[in-house]
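In: Give me a 3D structure for the following:
(2 chains)
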Amino acid sequence: MTEAVLDKSGLSPENPGRWLDGGYERLLAMSWRDCLDVQLRIIRCRFEELVPQVAALDKLAKREGITKIDSFEDALPLFFDHRVYKSYPLSLIETRDFPKLTGWLNRLTTHDLTTMDLSGLTMIDDWISRLDDFGMFIGHSTGTTGKLSFIPRSKTELHAFRNCHNEASRASSGVDPTKEFIETFFPSYRYGHQMALKMVSTFNIPAAGGEAHYHTLYQGRLSADFMSLAGRMQSAEDRGELQKLGLDPALLKAREEMIAQARRRDQDVAAFFDTLFEEFRGQRVKIGGTFGDLITTARNGIAKGIKPEFAAGSFIATGGGMKGLKDPPPDWENFVKDFFGIETVSMVYGMSEGCGFAPRCRNGQFHTMPHTVPFLFDRDMKLLPREGQQTGRYAFFDLQAETYWGGFISGDQVTIDWDEQCGCGWKGPTVGPVITRFAEMEGGDDKISCAGTAQAYNDFMDFVSQG
Amino acid sequence: MTDTYRIPIIARGRIIEPGEDAVEYKGRGGATFLTPDPHKHIHDLVLGNPVLLGDLQQTPIRDIIDFLAEAGKRLRFEDNPYLQESFALALRAGGLAEPILRGVYDDLPLMFDPVSMFAQIDGTIGADYLDGWVPSPAGPHCRVRAVGTRQLHITAGNVPVVAALTIVRGALTKSDVLIKSPSNDPLTANAIMRTMLELDASHPVCKHVAVAYWKGGDEYMDSQIVRTTRIDKITAWGGMSSVKHIQKFLTPGIDLTALNPKFSVSVIGKEALESDAAMDEAARGIATISGFYNQTACVNSRLVYVECKTDDASLDRLAELGRKVVAEYQNLPPILSTPADKPNKDLEAEMEAVALEDDFYTVEGDTVNGGVVISRFPDRVDFYDQLNNRVVNIVPVADLLDVVKWCDDTTQTVGVYPESLRDRLLDPFALAGVQRLVSLKGHNAMDIYKSIHTMPPGMPHDGIEPLRRNVRWVIDHRPIEETALSIAAE
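Out: The predicted structure is shown next:
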C-alpha cells in the first residue's frame, strides 16, 4: 500500500466492505477522481485473488489474454455480461439436476460448493436456502424472459450489502433504519430469494422493528421454482402433460394458488392500502411499492374519496418503474405525494448484481459512492470518456464483491454526469433520473422477416410476475 | 448517410409522386423515405367496388401470363434503373450482403417464366377455373369458378423475392392486390410495377396493383383499409406483432393468411460421425442450408440435431463436425453466403457466456465468419431463437425421433442427412408440424442449394396453398332440367 493512496482518499484498500461503517457522509464528500488509485488497486487485487478460484473468470481472462490489470481499461473486457449469471442450461432447472446446477454456480464463486449436501432437494427454492445455510446469500432475478439469473453473493458480502442498503436509504430518506423503526408497508411477497425481495425482507424487517411491524400484501414467498417453470408448466398443460414433468406436488399446488392470487391482485392491493389508510391513520409509516402500484393506489383512492393522513416523518420508498402502467400522470411523483400526504419519496439506484446503491439527492440525481466504480459504454461497447455528461450502457465494478467477480455490464441505459456539479452538496458521478433499457434496435420498427421465431412471451408469466 | 429516397405510390396504373403533401419516414440504414401521404390516398389504394375486377376476370390467364413474361424480360438488373435503385436501398436497409442480394435480383426474371407460371396456376387452382365456370363431376348443372379477390399483402423484406412473388400470385389469381412495403425492402415491389407500367399501364394486371409504404402499426391506415367493403383477403408475413396488430381489425368476411416467422432445423444421422467422408459431406450440407442468404431466410437451419451419444469420445467427434461446419462456411460461394459485415452483439454475448461453461457447451467460430455452439447434453441452447449470422446450435440426441418434441407449426424446413433417415422421420415430423423435408446430400454447395431451393411450380407454402386460399370459390347451381339449354345458349 502506498501512502499516496491513503493520503488522497483516506480509504483503506484492505476492506472496501467497511468503507460505509462510518456513514455515507464521508463517502459522498469525496471526489471520485481522488478514489481512482484505491479503486484500481482493489480491482487489481481482486483479479489476482479470484482468477485461480473463480473458474468462469479464469476462462474469460485466458480467452481475452489478460494476465494482469494495470488500468481500468484492462479490466473492462472481463466484466460479466448479465448472461453469465444465467448461462446454465434451462433443462437443469426442469430436471432439477442439483449436482450440475451447483457445479455451474461453483464456477462463479470462491466458495467450494462441491462438498455441500444436496440430498433430499426437490425444489429450487430449497436449493437456494440450502446454499444460504452453507454460507451463500444467493439472489435470483425476476426472470421476465423466463430464465432466472443467480447472483453468487455470499454471507461474506452481507455486512457491506446491509450497510449499502441502510446508508443509501438513510441518505435519500433522512431516516436511519438502524435507529428509527417505522411501520413498513410493502405491497408484494413477504419472502423470496428474488434479490430485491430478499434484500427488502432481510433488511426491512429489522428496520420496521420486527415481523409484527412489517406488512406485506402476500404472506408467502415468491417461488423461484414457479417463476422459472411457469412457461414450461403452461406449455406442458397445453399438451395435457403437466403431470409428466414430475414436479413436486407442492409446486403444482403453489401454481394453483398463484393463479388465484394473480387474478385477485387488484382487489388485494386495494384492500391492503385501505387497511393501511384506516388502521394506521395518524401514525408514522414507510410505504414501499413500484411507481405503478403507488399511482394506481392514488387513482383508486381519489376515486373513492379517500384521504390518507399519516404522521410527520412518514416516507415512501419506491423504485422498479411503472410495471406495465401505460398512462402515468406527467408529474407522477407529486401526484403520489399529494394523495398520500407524504412529502418524502426515497429512491436509490442499484441492481441485483451489485451491493452498492446510489441514493437520490434533492436534485433528483443518483450519486454513486466510491465502492461502486461506474463506467459507460457506447453501442459498440467502447468506453465513453469519464468526463462531462455521457449517455450509454451502464457497467460497474463492485469493490465489495469479495467471493465473486465484481465487474458487471448492465442492460440499463443511463446518463452520467462526471463533473460533480450537482449543487446538492454530495459528490460522486451522478446517474440522471431517466433510466431506460439499453436496446440495440435502430431505424424503422416495421422490418418484417419470415425467419426466426422470437420466443413467445408467456402471458401467464407476465401476469404473475407483476408483484 | 442521410439520403432521401422518393417512394411514389403505385395506384392501379398511375404513379403518384411525392408532392407538396409528401411525408417523410425514417428508414433503416440511415435512409429517409419520402412518400405521398398515404392517409390522403386511401381511395387510390383500395378498390371499393369489387365488380371493377371484371376487366381482369375477363382477361384469359394465358394473356396474363404473356404480359407477366414480357415484364419478366425487362427485369434484368443491368438494364433496369428502377431495380438498380431498389437494389441500392435494399442493400442498405435489408440484411443481405451485396453478392447475395445481387444473386436474388438476377434470379427475378426466373420468377416470371411463363411455363413455370402456368404450371403453378394450373397445378393449384386450375386455369379453367379462373377463365370460366367448370362443371362439377356430378354434372353441368352445378359449376364452380375461382374468382379473384381484393387482397392486402403485408410483405416481408428480408428476401426481395417476396415482392415479385406477391405480384405474380396476385395476377395469376386475377386479383386486386395492395402491397404494403416493408421498411427493409421498400422499393422492390415498386420497381417491378414501374417496369410493368412502362410496358403497358392500361393492362388489367397493372390496373389491379397498388403499392405503398406506410409505417407498420399505423392504426388509421389499417382502420381505413381493413374493412369488408374494401378487402377480402389479407396475407401477413412477418412477426407476431404485425399479425396481432392486423387481427384487431379482422371481422368475419376477411380471411387472414398469416405467414408467420418460421424456424428451420436439420437432422443428421450417426453415419455422419462414422467416417471422415460422411462427416465432410454432412458438414457441407449443414453449412449450405444454414449459411445461404447469410441465414436471413426461414428455410435456413438454426438447430442441427445429430444422432450422437454424450460420452466424451462421441462429443469430441461432434465437436469435429462443428469445426468442419465453420470451415465449410468459409468455402461457400459469395453468391450464396458471405461473412457478416458486423458482429451480432447480442448473440456474441450469448456465445461468450456459454463458452465459459465447458461442462455444457463447446463454442467454435463467431458471428462474423459463422460459428457453432455444440451442446454437450441433449438439449438446445436457451437462446436458440436468436441464432443468426450463420451460427447454429448442434445438439446430440439419442434418437432423432426425439426431435419431434421441439417441432411445431413454426418448424418450416428440415434438412436430412443421410437420406436413409427420411422414411422413418417423415410421418412423425409431418404430424408434429414440420412443413418440408429437404436433402443435404451432395458434394457441391451450389448443387445442394439448388436442390433445396428449387421446387416444382405450385407446391404448398408453409403447409398451406396460398393461391387456392386467395380466390373465392363460387358455385353456379342451376335447375337440372334447364341446364342443357342454358349452357348451349352461352
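In: Local confidence estimate at the closest residue to chain A within the stretch 351-490 of chain B?
Out: At 3.7 Å from chain A, B:Ala353 is the closest residue in the stretch 351-490 of chain B, using C-beta to the nearest C-beta. Using the backbone N, CA and C atoms, a C-beta is placed for each residue, glycine as well. On pLDDT, B:Ala353 comes in at 91.
In: ditto for A:Gly443
Out: On the pLDDT scale, A:Gly443 is placed at 33.
In: who's in contact with the one helix or strand the residue of the stretch 351-490 of chain B closest to chain A maps to?
Out: Assigned by DSSP states H and E, B:Ala353 belongs to helix B:345-355. With contact meaning C-beta atoms under 8 Å, 6 or more residues apart in numbering or on different chains, helix B:345-355 is reached by A:59-60, A:63, A:81, A:83-84, A:86-87, A:381, A:440, B:360-361, B:363, B:366-367, B:371, B:373, B:381, B:383, B:386-389, B:391.
In: Narrow the residues you listed to those in strands?
Out: Among the contacts of helix B:345-355, the members falling in strands (DSSP state E) are A:81, B:361, B:363, B:366, B:371, B:373, B:391.
In: so how many other residues sit close to the closest residue to chain A within the stretch 51-200 of chain B?
Out: Chain A sits closest to B:Ser183 of the stretch 51-200 of chain B, with a gap of 3.3 Å, by C-beta to the nearest C-beta. Other residues lying near B:Ser183 total 24 when counted by other C-beta atoms under 10 Å in any protein chain shown.
In: quick revisit: now the helix holding B:Ala353: buried residues?
Out: Within helix B:345-355, the residues scored as buried using 16 or more other C-beta atoms under 10 Å in any protein chain shown are B:347-355.
In: Next: stretch B:388-401.
Out: Under 16+ other C-beta under 10 Å, the buried positions of stretch B:388-401 are B:388-397, B:400.
In: which helix in the chain runs the most residues?
Out: Just so you know, I chose chain A. As assigned by DSSP state H, the longest helix anywhere in chain A is helix A:249-279.
In: was after chain B, sorry
Out: Chain B, longest helix under DSSP H: helix B:312-331.
In: want to throw the ones in strands among the contacts of helix B:345-355 into JSON lines with distance to A:Ala160 and pLDDT?
Out: What follows is the ones in strands among the contacts of helix B:345-355, written out as JSON lines (distance: C-beta to C-beta, whole Å; pLDDT from 0 to 100):
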{"residue": "A:Asp81", "distance to A:Ala160": "23", "pLDDT": "89"}
{"residue": "B:Tyr361", "distance to A:Ala160": "33", "pLDDT": "95"}
{"residue": "B:Val363", "distance to A:Ala160": "35", "pLDDT": "96"}
{"residue": "B:Asp366", "distance to A:Ala160": "38", "pLDDT": "96"}
{"residue": "B:Gly371", "distance to A:Ala160": "40", "pLDDT": "97"}
{"residue": "B:Val373", "distance to A:Ala160": "37", "pLDDT": "97"}
{"residue": "B:Val391", "distance to A:Ala160": "40", "pLDDT": "97"}
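In: for those, which one is nearest A:Leu251?
Out: Nearest to A:Leu251 out of those is B:Tyr361 (C-beta to C-beta; 27.8 Å).
In: ok, now which ones touch the closest one?
Out: Taking C-beta under 8 Å, 6+ apart as the test, what B:Tyr361 contacts is B:354-355, B:373-376, B:381.
In: let's go with 7 Å and repeat that
Out: B:354-355, B:373-376 (C-beta atoms under 7 Å, 6 or more residues apart in numbering or on different chains).
In: do A:Tyr349 as well
Out: A:Tyr349 touches A:357-358, A:366, A:431, counting by C-beta under 7 Å, 6+ apart.
In: quick one: A:Lys337 and A:Pro177, what's the gap?
Out: Between A:Lys337 and A:Pro177 the computed distance is 21 Å (C-beta to C-beta, to the nearest Å).
In: try B:Ile335
Out: Here the criterion is C-beta to C-beta. By it, B:Ile335 lies 67 Å from A:Pro177.
In: Look at those two and report which has more neighbours.
Out: Neighbours per residue (other C-beta under 10 Å) separate B:Ile335 from A:Pro177, with A:Pro177 holding more: 22 against 17.
In: Please look at that one and A:Ala207 and confirm they touch.
Out: Yes. At 3.6 Å, A:Pro177 and A:Ala207 qualify as touching, with contact defined as C-beta atoms under 7 Å.
In: quick one on the thing from earlier: will you turn the buried residues of stretch B:388-401 into a markdown table that also has distance to chain A?
Out: Listed next are those as a markdown table, based on distance: C-beta to the nearest C-beta, whole Å:
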| residue | distance to chain A |
| --- | --- |
| B:Asn388 | 7 |
| B:Asn389 | 12 |
| B:Arg390 | 13 |
| B:Val391 | 12 |
| B:Val392 | 13 |
| B:Asn393 | 11 |
| B:Ile394 | 14 |
| B:Val395 | 11 |
| B:Pro396 | 13 |
| B:Val397 | 13 |
| B:Leu400 | 18 |
